[in-house]
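*Asks:* Following is a predicted model, sequence given first.
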Amino acid sequence: MDHSDTKTAARRLKTVSSHLHVGRTLSAAPCAASINPLEVERKNASFDVRQLTFILDRGEEITRAKELISDVLENDEVLRDDDRILLFPLGFSSVKQTAELWSNRALAAGTDNPDIPRSGKKAKDSKSAATADAFYYVLSLYDPSWATRIGVHFGLFVNAINGQGTEAQKAKFLPRAQKWQIIGCFAMTELGHGSYIRGFETTATYDKATAEFVINSPTDTSTKWWIGLAGQTATHAAVFARLLIDGKDHGVHVFIVQIRDTVTGEQMPNVTVGDCGAKMGRNGLDNGWIQFHNVRIPREDMLMRWAQVSPEGVYTQPPKAQVTYGALISGRVGMVQDSSDYAKKALTIAVRYSAVRRQFPDAEDKGEEQILNYQTHQYRLMPLLATCYAYHFTADQMKNKFESMISELEQGDLTTLNSVHALSAGLKAYSTWWCNEALEQARQSLGGHGYSAYAGISSLLADFAVCWAITVMCSWEGDNTVMAQQTAKYLMKCVRKSQRASIKLTGFDSYLQNFKPILSQKRFSAKTADDVLVPQNQILLLTRAAARIISRTFTRLEAERARGNKNVAWNECMVDLTQCARAHCDRFSVQSFIDAVSEVPEGLRPVLKKLCDL
């Protein structure tokens, strides 16, 4: 236990003691019984812990940057904020004020320290880029509201312009957005519709006489709802609205609309905004609602990289509808990483506690046993730890796929768009569902202490709600069941097209091309437990499982479709379809883990292989 650990423990004890109403001050007890077990466990590690840390952080540079930023947090009185857990009973307005103070101080800390680039500042080299990523990572785990503010502005608003805007539109908006001269939100979800984008009611009617779009909220249910940063902060919005030209509906497109004055913060004419109020978590984020009352914007403020409207009102449609949702794909990829990161924090707390906590005499009756040594406790936590690693490496692979897809889109190549879109949707659903369950299991593993906010897990559960109960909280990514169905829809299309020899699938999706060779093997060749642990056999098993359920579900779906209504057929097969999506995503996650194990230094492979097998 080093000096910083002692200081932290003493400070926490002092905070707890202030609530006990006793006539004495609590002091740190001798640490031999409680802290030494952690040191023993660490010394008994069969691998280089520091080396694995560098692997998980994606480089020693980033690890050291995270440690630097953690030190800044620890020594900054505002950011450290020992009693921040007590803010919420003080009232919603106090939370918002404190969140604003905290966010401003966090940005100032990044500016004051020459080694930490201010968020939004373009990194000039790999070192500053790594430090910027670390800055965001550490602060996002410490204060998810702050992270969501940054994520909405850069991850959704800025990415929407980057992915869908023309070069002229990027030049108009991005420099100001990078400098926080304008603050953006992502006005997608409506009061009446969330995941069903085609049902959106907000309209953008083109006026040829003035070369303007008229943005309007024609009904109460067309109100943009749960929009992050809209409640009190955003000056501009990327608005999803139905494009109407001469009475013809061309579907949903994205428009940049100013909703507040950039100097005074006052609402713009014919725009009404409000705050959605207190939530179960992330109350430092101002989720809000927006109504537009025939707001006029110039024609040039419709994002027109893929779809265009000429001054004369001639519409050119995009090559694929999915290209307009690039920012959503980015967000979904990020949420796979978020799932792993939140689970890492909770499982770190739970596993460390299980090494310290002792209950009942040990086998030799020399004292009480660490609960980590009980088999049931290991069964509870170790599979969660293994899955956490799996999603960590899955996020790495998805990030690579997304970046490759963006590069291809820049060249006009849409080959991998559907595959990445479908996989990101399914992984977002299953990783966030899993994380929610993992957080609760970690909390329960602490026993009664898990009920305490000071344990650090209850707040994770509340804050993570934004990632899995997404249609309740905000408009980020869509309901998980709907996301899984998007993946299933892609799988069914692939099988249908492959039967008509009109599609050639490559890479990870190639197994969908022809199921016959996969399913023709009557028996699995593995005969021993060791055979099952061979990575190639594990992938073969998962491939056969996925192929079997996808093939069976496709056959059933086609039979239902032949009877009549396609929507009824889909609903009849919906449970099986979501299982298809899960099998496809699980196969990708395990493949990602296996690939990662093969690439790490030799000394780390045995322990990671054990986790992968688990």
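*Replies:* Now that the structure is in, tell me what you want to look at.
*Asks:* Correct me if wrong: His153 contacts Ala230.
*Replies:* No: using C-beta atoms under 8 Å, His153 is not in contact with Ala230; the gap is 11.7 Å. C-betas here are computed from N, CA, C, even on glycine.
*Asks:* so what's in contact with those two at the same time?
*Replies:* Cys185 (C-beta atoms under 8 Å, 6 or more residues apart in numbering).
*Asks:* what's the spacing between the residue most central in space within the chain and Arg548?
*Replies:* Nearest to the mean C-alpha position of the chain, by C-alpha atoms, centre = their mean, lies Met335 at 1.3 Å. From Met335 across to Arg548, the span is 29 Å (C-beta to C-beta, to the nearest Å).
*Asks:* in the stretch 101-250 of the chain, which spans are strands?
*Replies:* For the stretch 101-250 of the chain, the strands defined by DSSP state E, counting those that start in this stretch cover 184-187, 203-207, 212-216, 224-227, 236-245, 248-258.
*Asks:* Was I right to think the residue nearest to the centre of the chain contacts Lys428?
*Replies:* Yes: between Met335 and Lys428 a contact is recorded at 5.0 Å, counting by C-beta under 8 Å.
*Asks:* Show me where the stretch 501-614 of the chain dips below the pLDDT cut-off.
*Replies:* Across the stretch 501-614 of the chain, the ranges flagged by pLDDT under 70 are 501-503, 522-524.
*Asks:* 80 instead?
*Replies:* Of all residues in the stretch 501-614 of the chain, those with pLDDT under 80 make up the ranges 501-507, 514-527.
*Asks:* in it, which spans are strands?
*Replies:* Counting by DSSP E, counting those that start in this stretch, the stretch 501-614 of the chain contains no strands.
*Asks:* and the strands of the stretch 101-250 of the chain as JSON lines, adding mean pLDDT?
*Replies:* JSON lines is the format used below for the strands of the stretch 101-250 of the chain (pLDDT from 0 to 100):
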{"stretch": "strand 184-187", "mean pLDDT": "94"}
{"stretch": "strand 203-207", "mean pLDDT": "97"}
{"stretch": "strand 212-216", "mean pLDDT": "97"}
{"stretch": "strand 224-227", "mean pLDDT": "94"}
{"stretch": "strand 236-245", "mean pLDDT": "96"}
{"stretch": "strand 248-258", "mean pLDDT": "95"}
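*Asks:* closest to Lys172 out of those strands?
*Replies:* strand 248-258 (8.6 Å; C-beta to C-beta).
*Asks:* ok, and what's touching the closest one?
*Replies:* Taking C-beta under 8 Å, 6+ apart as the rule, strand 248-258 contacts 160-161, 164, 169, 173, 187, 197-198, 200, 204, 213, 215, 235-244, 268, 271, 292, 295, 297, 301-303, 307, 315, 317, 321, 324.
*Asks:* how about a cut-off of 6 Å?
*Replies:* Residues from elsewhere that reach strand 248-258 (C-beta atoms under 6 Å, 6 or more residues apart in numbering): 164, 197, 200, 204, 215, 236-243, 268, 297, 301-303, 307, 315.
*Asks:* before we move on, what about stretch 284-292?
*Replies:* 99, 145, 148, 187, 215-217, 223-228, 230-233, 272-276, 474.
*Asks:* Distance of Leu384 relative to Lys344?
*Replies:* For Leu384 relative to Lys344 (C-beta to C-beta), the value is 11 Å.
*Asks:* the more surrounded of those two?
*Replies:* Using other C-beta atoms under 10 Å, the more surrounded residue of Leu384 and Lys344 is Leu384, with 22 against 18.
*Asks:* The closest residue to that one other than its chain neighbours sits in which helix or strand?
*Replies:* With sequence-adjacent residues excluded and distances taken as C-beta to C-beta, 6 or more residues apart in numbering, Leu384 is closest to Ala438, at 4.8 Å. Per DSSP states H and E: Ala438 is located in helix 417-444.
*Asks:* Ala488 now?
*Replies:* helix 480-499.
*Asks:* What is that helix packed up against?
*Replies:* If contacts are counted by 3 or more C-beta pairs under 6 Å, 6 or more residues apart in numbering; DSSP states H and E, helix 480-499 sits against helix 417-444, helix 535-562, helix 574-599.
*Asks:* now the last one: how far from the chain's centre is it?
*Replies:* Right, the one you point to is helix 574-599. Centre-to-centre, helix 574-599 and its host chain are 17 Å apart (C-alpha atoms, centre = their mean, to the nearest Å).
*Asks:* Going forward, the N-terminal residue is numbered 50.
*Replies:* Got it, first residue is 50 now, which makes that one helix 623-648.
*Asks:* Can you point out the buried residues in it?
*Replies:* 625-643, 645-646 (16 or more other C-beta atoms under 10 Å).
*Asks:* Check the second one too.
*Replies:* Of the residues in helix 584-611, those scored as buried under the neighbour-count criterion (16+ other C-beta under 10 Å) are 584, 587, 589, 591-593, 595-596, 598-600, 602-603, 606, 609-610.
*Asks:* helices and strands around it, which ones?
*Replies:* Partner elements for helix 584-611 (3+ C-beta pairs under 6 Å, 6+ apart): helix 529-548, helix 565-568, helix 615-621, helix 623-648.
*Asks:* Just the buried ones out of the contacts of strand 297-307, please.
*Replies:* For the contacts of strand 297-307, buried by 16+ other C-beta under 10 Å: 213, 246, 249, 253, 264, 285-292, 317, 346, 350-352, 356.
*Asks:* Please export the C-alpha coordinates of stretch 590-598 as CSV.
*Replies:* The C-alpha coordinates for stretch 590-598 follow below in CSV (Å, rounded to 0.1, in the frame of the first residue of the first chain):
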residue,chain,number,x,y,z
LEU,A,590,-18.7,-24.7,-33.1
LEU,A,591,-19.9,-21.1,-33.0
THR,A,592,-20.1,-21.0,-36.8
ARG,A,593,-22.2,-24.2,-36.9
ALA,A,594,-24.5,-22.9,-34.2
ALA,A,595,-25.0,-19.6,-35.9
ALA,A,596,-25.5,-21.3,-39.3
ARG,A,597,-28.0,-23.7,-37.9
ILE,A,598,-30.2,-21.1,-36.2
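*Asks:* neighbouring contacts of it?
*Replies:* With C-beta under 6 Å, 6+ apart, stretch 590-598 has contacts from Tyr560, Phe564, Ile567, Leu568, Gln628, Cys629, Ala632, His633, Arg636, Val639.
*Asks:* In a markdown table: those residues, plus distance to Lys576.
*Replies:* As requested, the contacts of stretch 590-598 are exported to a markdown table (distance: C-beta to C-beta, whole Å):
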| residue | distance to Lys576 |
| --- | --- |
| Tyr560 | 24 |
| Phe564 | 25 |
| Ile567 | 20 |
| Leu568 | 21 |
| Gln628 | 28 |
| Cys629 | 29 |
| Ala632 | 25 |
| His633 | 28 |
| Arg636 | 23 |
| Val639 | 21 |
